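Asker: Starting from these lines, generate the structure:
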Amino acid sequence: MTHRHHDVPVRREHTFRREVGQRTSRSLYPTDADLIARLAADVINTGDAVPPRPGQKKLLAAVIDAFVEGLGKDNVSSLPVWLTLASLPFVFVFSLIANYQGQFLRIDAHTRDDPKARRRAKLALLTGYGLHNHEMAAFRGMAYTDLASAKTWREARKVVAYRRAEARVAEATKDLAAGRLVRYEGIAGTDWEGRPYDEREFEETKTALEFLASVHRARYENGRYRRDLMKIVKGIVSRTLPDEGFVMTIAKDRRSWFAWRRTIGGWYLGVGAIGAPTEDWVYLGEHAPQSFPSARTGWHEGEFPSTIDSDRELD
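Answerer: Purely as a prediction, here's the structure:
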């Protein structure tokens, strides 16, 4: 009697341990399908895209599970490669769907009181971009307002086509600029328009100089500029350029200033101001600026010039 009385709890304890062990092993050692599903979810959730629904993730995991079972045990060694290749189409499809969901939500926000305009805008976006997921990422900002304001189908199509062309031009311009840096690396002089060949570090230097000018504007008090500004911005002038390359000069009365830097290609870029910081003066030349901003010494008001004004610099 005693023996049978203790037999049942013992079997229950073994059963409990076995069930706990199975659940623990499943949670600690996820399947390959779980890993791929998580990877796909991470890719989809990046950027401004709307996260996929739980059902979409389960569908992706189910498809991969079926693929794993069909592959067979004999091909286990090649499983990671095949899983990577097989998951790419699904990642693209789910990313495309998520991006369209994000765009449609923004269109809904701009066409709340006009269902007809909402349908027209969504259809124009869908037919305009199709499967071009990368290009659709550039459709943002005022593009939604323009698309929502379109009164006809033709006008909506033109808005999408214009934004898509604008993004293509910007990307092409960026590629050409990058190619130019490589093509003319280390070449001295300018082209026939006066544009320097070697423009390496131009953009980084301009950004850093504009940052210095913005800090000067913010710290301008009682008609005076700060003498210790370089100490204030030490270490944050540029992400890629050292602070030692920037040279700043402040007038004795602290009513004017200028700063410059020499690029790796041997060109000098500068920025400065005279009096109140209404509009900055900028400089581009073969020699470092020796005086405060003036039109007679090669300085320009406004944006950085793309060409060298040789006559002014010689004066």
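
Asker: Just to be sure, Lys116 is in a helix?
Answerer: Yes - Lys116 sits within a helix when classified using DSSP: H, G, I helix; E, B strand; the rest coil.

Asker: Please report how far it lies from Thr307.
Answerer: 51 Å (CB to CB, to the nearest Å). No exception for glycine: its C-beta is placed from N, CA and C like everyone else's.

Asker: low-confidence ranges in the stretch 51-200 of the chain?
Answerer: For the stretch 51-200 of the chain, applying pLDDT under 70 flags the ranges 51-83.

Asker: Helices along that one, start to end?
Answerer: Using DSSP state H, counting those that start in this stretch, the helices of the stretch 51-200 of the chain run over 54-71, 79-110, 115-129, 133-136, 143-149, 153-183.

Asker: Next one: Pro293 relative to Ala259, how far apart?
Answerer: Distance of Pro293 to Ala259, computed by CB to CB: 11 Å.

Asker: neighbour-wise, which of Lys116 and Thr307 wins?
Answerer: When Lys116 is set against Thr307 and neighbours are counted by other CB atoms under 10 Å, the residue ahead is Thr307, at 12 against 8.

Asker: Now do the SS call for the more buried one.
Answerer: Classification of Thr307 using three-state DSSP returns coil.

Asker: quick one: low-confidence parts of the stretch 201-315 of the chain?
Answerer: By pLDDT under 70, the low-scoring segments of the stretch 201-315 of the chain are 309-315.

Asker: deepest of the helices of the stretch 51-200 of the chain, which one?
Answerer: Mean neighbour count (mean count of other CB atoms under 10 Å) peaks for helix 143-149 among those, with a mean of 19.

Asker: Let me see the domain layout of the protein.
Answerer: 31-99, 111-170, 202-314 (automatic domain parsing).

Asker: Kindly reformat those as CSV containing distance to Val182.
Answerer: Converted to CSV, the domains of the chain look like this (distance: least, CB to CB, whole Å):
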stretch, distance to Val182
domain 31-99, 29
domain 111-170, 20
domain 202-314, 13
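
Asker: quick one, which of the ones you listed is nearest to Pro196?
Answerer: Closest to Pro196 of the domains of the chain is domain 202-314 (CB to CB; 5.3 Å).

Asker: Trp299: which of the helices of the stretch 51-200 of the chain is closest?
Answerer: Of all the helices of the stretch 51-200 of the chain, helix 153-183 sits nearest to Trp299, with 24.8 Å by CB to CB.

Asker: tell me the angle that closest one makes with helix 115-129.
Answerer: Counting by axes from the mean of the first three to the mean of the last three CA atoms, to 10 degrees, helix 153-183 lies at 40 degrees to helix 115-129.

Asker: Going forward, the N-terminal residue is numbered 7.
Answerer: All set: I'll call the first residue 7, so the last point we hit is now helix 159-189.

Asker: And helix 159-189, how far out from the chain middle?
Answerer: Mean-position distance between helix 159-189 and its chain equals 16 Å (CA atoms, centre = their mean, to the nearest Å).

Asker: which helices and strands sit right next to the helix or strand that comes right after it?
Answerer: Later in the chain than helix 159-189, the nearest helix or strand by DSSP states H and E is helix 208-225. Here helix 208-225 is seen to pack against helix 235-238, strand 252-256, strand 262-268, strand 274-280 when contacts are counted using 3 or more CB pairs under 8 Å, 6 or more residues apart in numbering; DSSP states H and E.

Asker: returning to what we had before: can you check which residues contact both of Pro299 and Ala265?
Answerer: Gly278 (CB atoms under 8 Å, 6 or more residues apart in numbering).

Asker: from what I can see Leu290 touches Val277, true?
Answerer: No - if you go by CB atoms under 8 Å, Leu290 and Val277 don't touch, sitting 10.4 Å apart.

Asker: how close does Thr213 get to Glu307?
Answerer: The spacing between Thr213 and Glu307, counted by CB to CB, is 19 Å.

Asker: And Gly271, by the same measure?
Answerer: Computed as CB to CB, the Gly271 to Glu307 distance reads 25 Å.

Asker: what do you get for Glu292?
Answerer: Distance of Glu292 to Glu307, given as CB to CB: 21 Å.

Asker: nearest residue to Glu285 other than its sequence neighbours?
Answerer: Glu307 (5.6 Å; CB to CB, 6 or more residues apart in numbering).
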